[in-house]
Each structure stands twice: as structure tokens, then as C-alpha cells.
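Participant: got a structure for you, letters missing:
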């Protein structure tokens, strides 16, 4: 196993299902929280800090984003994440636009393709950060939240074909920073980093998925926005990828995307 320099925790919000069905999500969002391996403990410490700030007992177990009922607790956690030595990247797929374009495939195809786009952005974080903190071999260990019916060894094979040019897809992954043998899955509840990744992915979903009466809530992602990876002041195309390309023009103009256009 490599002496990796980074760890990327990956989770999603939404699902691949038909957006026209009742109760279906409009978006599939896959995001990652990238931390230097030597700073991993800071990710674990967030939950203890949140307990103390919220005056909870040491045995209190924070639930996933959707099960935290208090907006105050969510805002507290988002503030603590905003203080972490991490970078956030995300790929946001607008499923109605994909359907309109007639792009279909079997279950997992969209998730794998978006994960490849996410891997590009994870590798860019590593490429830009490693010269500043040259500890380890520069590569990233990737940990996906466990997902039913999808095996990550299959994803590794999928990405390997892209890497060696045996796929129809072009790649901008900085391959020197990615070890395809170091891709893993873990259960969300057993990994503090994945719990952070769940909170981040769900915060994106909270900001852009319409709820009752077309309400959205972007308070949490705005709080964490400064952790989104950027080159200069631009997070679009770098830390945030909108997919498909046909939605890159109209979607950022919608009020629910205001966080995307704010200054850092």
C-alpha cells in the first residue's frame, strides 16, 4: 500500500432514478472532502467539538444530515467544517437535462461517470497542495460511502480503462496523484470522514433541491463555501462541476445557485 499523502471521503445526495417520478430527486450530487493524511484526526475531532458546543454528553452520537432535526446544530457543524484543513469538490448532475438529451444507461453508469469527473477534481486538489506540504508520495486514498449494488473494484476497472485510453471518455485526471489500487468503501456510520462527506453532500442538496413550496436552504453550504477548491477566485469548473454541459449556462442563473456566484 502506498504512503499516501491525502484521503478523499466521498458521499452523495440524491439518486440516479427518473427525476419525473414522485419523490425523486432533481439532482445527483457526488462530493468529496479531501484532507492531508497527517491531518486526518482533525476530521474525527469535529464530532467531539460539536458535542461540546452543543452541550451533549460524550456518548451522544451525531446522526446523518437528514436526521439532524435542529437547524442550529447543522449550522454549528457547518461552521466547524469550515475551520477544517480540508478542500471540498463536487459534481452536480441535473437529471432533467440529462433525460431531455436522451442519455440513458444501466444503473451505476451515471454514478461512475460523475465519480470520474469528481476524481479529476480530487487529483487537482492533490496536485496543487502537495508542493506546499510534501509529505508522503503525493497520492490520495479514496474512500467511498458504501453503496448497494455497486462495487468499487468495478469502478477501479472503469477508471483504469479511461486512464489507458481504452474508453471513449477523455480524462483530465492528474494521474500521478491517484493510486487506483487504493480505492475503498466503508459504511457511512463507521467512518467519521464519511459522516463529514455526508454532511457536505447533503448541504449541497439542501441548497438546490426544491422542497415544499419550492423552498431551499443554502445556509450550510454558504458557511462552508470557502473550503470549496478553487484556482484563484473561481470555483465553477474547478471545485464545482455542473453536468451535463448544457446546464452550465442556465442553472447558475437560478436564485437557488446564488452560493455558486458569491465571492470567496
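Facilitator: Okay, I see it. Because the structure is predicted, anything quoted here is derived from the model rather than measured.
Participant: Is the nearest residue to residue 112 once chain neighbours are set aside within a helix or a strand, and which one?
Facilitator: Counting by CB to CB, 6 or more residues apart in numbering, residue 158 is the residue found nearest to residue 112 once chain neighbours are left out, at 5.1 Å. Using the backbone N, CA and C atoms, a C-beta is placed for each residue, glycine as well. Using DSSP states H and E, the element containing residue 158 is helix 152-163.
Participant: How about that helix, which residues are buried there?
Facilitator: Across helix 152-163, burial judged by 16 or more other CB atoms under 10 Å covers 152, 155, 158, 159, 162.
Participant: Same question for stretch 171-181.
Facilitator: Buried residues in stretch 171-181 (16+ other CB under 10 Å): 171, 173, 174, 177, 178, 179, 180.
Participant: isn't the second one right next to residue 163, touching?
Facilitator: In this case it means residue 173. Yes. Assessed by CB atoms under 8 Å, residue 173 is found in contact with residue 163 at 7.2 Å.
Participant: picking that back up, now, which of the buried residues of stretch 171-181 lie within strands?
Facilitator: 178, 179, 180 (DSSP state E).
Participant: Export these as CSV, with columns for distance to residue 114.
Facilitator: What follows is those, written out as CSV (distance: CB to CB, whole Å):
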residue, distance to residue 114
178, 16
179, 21
180, 17
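Participant: From the buried residues of helix 152-163, which shows the smallest pLDDT?
Facilitator: In terms of pLDDT, residue 152 ranks lowest among the buried residues of helix 152-163, with 76.
Participant: isn't it right up against residue 182?
Facilitator: No. Taking CB under 8 Å as the definition, residue 152 is not a contact partner of residue 182, at 10.8 Å.
Participant: out of the ones in strands among the buried residues of stretch 171-181, which one sits closest to residue 65?
Facilitator: Minimum distance to residue 65 across those is 27.7 Å, recorded for residue 178 (CB to CB).
Participant: what's the closest residue to that closest one other than its chain neighbours in contact with, if anything?
Facilitator: Spatially, and ignoring its direct neighbours in sequence, residue 178 is nearest to residue 123 (5.3 Å; CB to CB, 6+ apart). By CB atoms under 8 Å, 6 or more residues apart in numbering, residue 123 lies in contact with 140, 173, 174, 175, 177, 178.
Participant: secondary structure element for residue 123?
Facilitator: helix 109-129.
Participant: Look up the closest residue to residue 110, ignoring the ones flanking it.
Facilitator: residue 16 (5.1 Å).
Participant: so where is the chain shaky, pLDDT-wise?
Facilitator: 1-2, 22-23, 100-108, 233-235, 263-264 (pLDDT under 70).
Participant: re the thing from before, of all the buried residues of stretch 171-181, which two lie farthest apart?
Facilitator: So, the buried residues of stretch 171-181 by CB to CB: farthest apart are 171 and 179, at 15.6 Å.
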